[in-house]
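Colleague: I would like the atomic coordinates for the input below:
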Amino acid sequence: RYLQQLLENNPKELIDTLFIPLCKNALKLINDPFGNYLIQKLITYFNQEQMLKLLTIISPSFYEISCNSHGTRVLQKMIGLLSSPIIKNYFYELVKPIVTPLLKDLNGTYIVQKFATQNLTEYGLKINAIIIENSSELCTHRHGCCVIQKYLETKDQTMIPALLDKLIEDSLLLIVDQFGNYVIQTILLMGDIKYGNKLAEKISPNIVFYAKHKYSSNVVEKCFDYCNGIYLKNLMNNVQKKENLTKLILDEHGNYVVQKALSLSSPKKQKNMLGTIKTLFDKLKTLPFGERVISRI
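Modeller: Residues are numbered from 1 along each chain as shown. Here you go, the predicted model:
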């Protein structure tokens, strides 16, 4: 605090005095609970040449700093102060190879998002392209999936259509993942029937597998509400087939899909489905969830 106060009174003289020792101890100070505040204050008075020199010194530890709870604040402050095209490009070259690892980190993600937002026309679109290319890897990570969901919620038309196409393309891998399935559910909840239809088309041929799976069964259940026409019809028909219906109603996850299909079926189809299900009541009663299913039906 004393040094910060001195800095406000005579910034040029103090910076000239502190710059060399600062550079020698940059990593230690940037990641320090107290030192980081001094660095944030100092860099507001740096010229672009000094900024580039500091960035060059810390570049070998750029990822470590980005993921540090104190270091990330210094880098975010720095991003807001970058004005020279040379230093912006240098910063981009540091971020570019580690975009995906950074987005998986609670602190690192802010570096990518802030730099992309601040420099949308120069580097933001390039970073978005990297995110789209690696979106499936991000979706299957605890923090990465939240980042992708946030991107989807922004409805940024410079990247959302391409991102949605990539995610739907990889949807069969994502819906069986403990984190990825939530991303696909988010896409369905966005309400664009086009993507619901594409997903239904992919799921239908292997409806039993996906409806019985712990994670994808939730997606299958929602898919009924967000597809239409021939895609919904095929999805319904595949659940209503006697051999499929038998497998699904006796499964702890699949039975929810059957209940969903039953609630949307025509009276005639309902009657046929119920006829098959009733013959399985004795088997259902032996299962832990059976009585609950019978009660609901």
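
Colleague: what's near enough to touch Glu291?
Modeller: Leu284, Lys285 (CB atoms under 8 Å, 6 or more residues apart in numbering). (C-beta placed from N, C-alpha, C; glycine too.)

Colleague: that one and Leu284, how far apart?
Modeller: 8 Å (CB to CB, to the nearest Å).

Colleague: mind naming the longest helix for this protein?
Modeller: helix 11-24 (DSSP state H).

Colleague: and the next element down the chain from that helix?
Modeller: helix 26-30 (DSSP states H and E).

Colleague: residues of the one helix or strand Glu93 maps to that come out buried?
Modeller: Assigned by DSSP H and E, Glu93 belongs to helix 85-95. Across helix 85-95, burial judged by 16 or more other CB atoms under 10 Å covers Ile87, Lys88, Tyr90, Phe91, Tyr92, Leu94, Val95.

Colleague: just how off-centre is that helix within its chain?
Modeller: Mean-position distance between helix 85-95 and its chain equals 25 Å (CA atoms, centre = their mean, to the nearest Å).

Colleague: could you dump it to CSV, C-alpha only?
Modeller: Only the C-alpha atoms of helix 85-95 are listed here, as CSV (Å, rounded to 0.1, in the frame of the first residue of the first chain):
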residue,chain,number,x,y,z
PRO,A,85,-0.7,-4.4,-32.3
ILE,A,86,2.7,-6.1,-31.6
ILE,A,87,2.0,-6.8,-28.0
LYS,A,88,-1.6,-7.9,-28.7
ASN,A,89,-0.3,-10.4,-31.3
TYR,A,90,2.3,-11.6,-28.7
PHE,A,91,-0.4,-12.1,-26.1
TYR,A,92,-2.5,-14.0,-28.7
GLU,A,93,0.4,-16.3,-29.5
LEU,A,94,0.7,-17.2,-25.8
VAL,A,95,-3.0,-17.9,-25.5
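
Colleague: helices or strands up against that helix?
Modeller: Packing contacts for helix 85-95, counted by 3 or more CB pairs under 8 Å, 6 or more residues apart in numbering; DSSP states H and E, involve helix 48-58, helix 108-118.

Colleague: need the contact partners of that helix.
Modeller: 48, 51-52, 55-56, 59, 62, 78-79, 82, 102, 111-112, 115, 119, 122-123, 126-127.

Colleague: buried subset of those as a ChimeraX selection?
Modeller: Applying 16+ other CB under 10 Å to these, the buried members can be selected in ChimeraX as follows:
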select :51,52,55,62,78,79,82,102,111,112,115,119,123,127
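
Colleague: okay if I get the buried residues of helix 85-95 as TSV plus pLDDT and distance to Pro267?
Modeller: Below are the buried residues of helix 85-95 laid out as TSV (pLDDT from 0 to 100; distance: CB to CB, whole Å):
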residue	pLDDT	distance to Pro267
Ile87	94	70
Lys88	94	65
Tyr90	95	68
Phe91	95	64
Tyr92	96	61
Leu94	96	64
Val95	96	59
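
Colleague: tell me which element Val258 is part of?
Modeller: Going by DSSP H and E, Val258 is in helix 254-264.

Colleague: tell me which residues in that helix are buried?
Modeller: Gly254, Asn255, Tyr256, Val257, Val258, Gln259, Lys260, Ala261, Leu262.

Colleague: now swap in stretch 196-204 and tell me
Modeller: Gly196, Asn197, Lys198, Leu199, Ala200, Lys202, Ile203, Ser204.
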